[in-house]
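Peer 1: need a structure here:
(one chain, ligands or ions: 1)
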Amino acid sequence: MTQDFLDNQQYTELSILSYEAIYGHNYISPGGEKATDQFIDTLKLVPEMRVLDIGCGLGGPAYRLASKYGVHVHGIDLSANMIRIAKTRLKEEGLQHLVTLEQGNCLEIQTEMTFNVVHSRDVFLHIKDKARLFEVIAKTLVPGGRLYFSDYCLGQAKSSPEFKTYMRERDYSLHTVEDYTKLMEEEGFKNVSGEDRTDIFIQTLKHELNNLEKSSLLKQEKNYLYKIWQGKIKRTEHGEQCWGWFSGEKSK
Ligand SMILES: C[S@@+](CC[C@H](N)C(=O)[O-])C[C@H]1O[C@@H](n2cnc3c(N)ncnc32)[C@H](O)[C@@H]1O
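Peer 2: Residues are numbered from 1 along each chain as shown. Take a look at the predicted model:
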């Protein structure tokens, strides 16, 4: 996935603001602040830890990590549009003492920086070479450091032609929860866990349809997004698509 593709297709400035109307202020991932709180409460963070947020988007999860737990967060995102808006939002949040932002590809991150925790929300679907991704992440973690991420996944049911088109148009690369955990283990992560959290995902998608209804987006935009969200609900209820929460540890 290239920066050009992200900035000119899925994450134009206009589409970022439309997604935000559905997910919530500063969020471009399922469940906004509510799901973020559920997710980050499992991270066992203590003040002053260093956290890398891969694909930080507008920074919602990074601001929450910093303000709730007093950790230092470095956010990296490949989209220049995301980082430009995120820099304004960071000032609004007044968290510049705890959060730094960088525009760049996580696969090319400078590995002399090390982190206690790597956090990522619904980003890895954009990255095809998962073996390389996990290898880079392991290099950025301190010994015993932990990786936590959520991602769209393939369910057990066969993918419909509509789902295949959806993935192809976005250039998504999805795995089943089981395959993802195997990949992490193959890359040397220990105590790997992969949980199917489709229960939260379905509730969240339905709630987001309400947000869309109430939003001030133009009718045409609402109709377009409504169809996308209905498609996600249908595929998820049918077992083609699911949502995974993962964690693993780098060896000490
Ligand atoms: C669904 S959004 C999630 C944003 C954010 N994590 C959140 O929860 O609001 C996915 C993000 O991943 C970023 N991304 C995709 N490929 C990337 C890469 N190779 N390196 C860094 N960021 C990437 C996109 O630009 C986008 O901002």
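
Peer 1: So which bits of the longest strand along the chain are buried?
Peer 2: If you go by DSSP state E, the chain has its longest strand at strand 141-154. By 16 or more other Cβ atoms under 10 Å, the buried positions in strand 141-154 come out as 141, 145-154. Backbone N, C-alpha and C define where each C-beta goes, glycine included.

Peer 1: any idea of the mean pLDDT in the helix or strand just after it?
Peer 2: Using DSSP states H and E, the next helix or strand after strand 141-154 towards the C-terminus is helix 161-170. The predicted model assigns helix 161-170 a mean pLDDT of 96.

Peer 1: Then stretch 74-81?
Peer 2: 98.

Peer 1: Can you verify my assumption that G194 contacts D179?
Peer 2: No: counting by Cβ atoms under 8 Å, G194 sits too far from D179 to count as a contact (9.1 Å).

Peer 1: circling back: and the longest strand of the chain with helix 161-170, angle?
Peer 2: On the basis of axes from the mean of the first three to the mean of the last three Cα atoms, to 10 degrees, strand 141-154 is oriented at 140 degrees to helix 161-170.

Peer 1: Can you spell out which helices and strands pack onto strand 141-154?
Peer 2: Applying 3 or more Cβ pairs under 8 Å, 6 or more residues apart in numbering; DSSP states H and E, one finds that strand 141-154 contacts strand 115-121, helix 177-186, strand 241-249.

Peer 1: Kindly export the longest helix seen in the chain (C-alpha atoms) in CSV.
Peer 2: Secondary structure of the chain read by DSSP state H shows that its longest helix is helix 219-238. Listed next in CSV are the C-alpha coordinates belonging to helix 219-238 (Å, rounded to 0.1, in the frame of the first residue of the first chain):
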residue,chain,number,x,y,z
LYS,A,219,-27.5,12.9,1.6
GLN,A,220,-25.4,11.4,-1.2
GLU,A,221,-22.4,10.7,1.1
LYS,A,222,-24.8,9.2,3.8
ASN,A,223,-26.3,6.9,1.2
TYR,A,224,-22.8,5.8,0.0
LEU,A,225,-21.6,5.1,3.6
TYR,A,226,-24.9,3.5,4.6
LYS,A,227,-24.4,0.8,1.9
ILE,A,228,-20.8,0.1,3.0
TRP,A,229,-21.9,-0.3,6.7
GLN,A,230,-24.9,-2.5,5.7
GLY,A,231,-22.4,-4.6,3.7
LYS,A,232,-20.1,-5.0,6.7
ILE,A,233,-23.1,-6.0,9.0
LYS,A,234,-24.4,-8.5,6.5
ARG,A,235,-20.9,-10.1,6.0
THR,A,236,-20.2,-10.2,9.7
GLU,A,237,-23.6,-11.7,10.6
HIS,A,238,-23.1,-14.3,7.8
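
Peer 1: distance from the centroid: which residue in the chain tops it?
Peer 2: In the chain, the residue that sits farthest from the middle, by Cα atoms, centre = their mean, is K219; the gap is 27.5 Å.

Peer 1: circling back to that earlier point, between G194 and D179, which has more neighbouring residues?
Peer 2: G194 (22 against 14; other Cβ atoms under 10 Å).

Peer 1: which residues touch the residue farthest from the centre of the chain?
Peer 2: Residues near K219 by Cβ atoms under 8 Å, 6 or more residues apart in numbering: none.

Peer 1: so what pLDDT did it get?
Peer 2: Per-residue confidence at K219 stands at 94 (pLDDT).

Peer 1: Also K250?
Peer 2: Listed pLDDT for K250 reads 97.

Peer 1: Quick one: name the residues of the stretch 1-150 of the chain near the ligand.
Peer 2: 1, 6, 11, 27-29, 54-57, 60-61, 76-79, 82, 105-107, 121-123, 126-127 (Cβ under 6 Å from any ligand atom).
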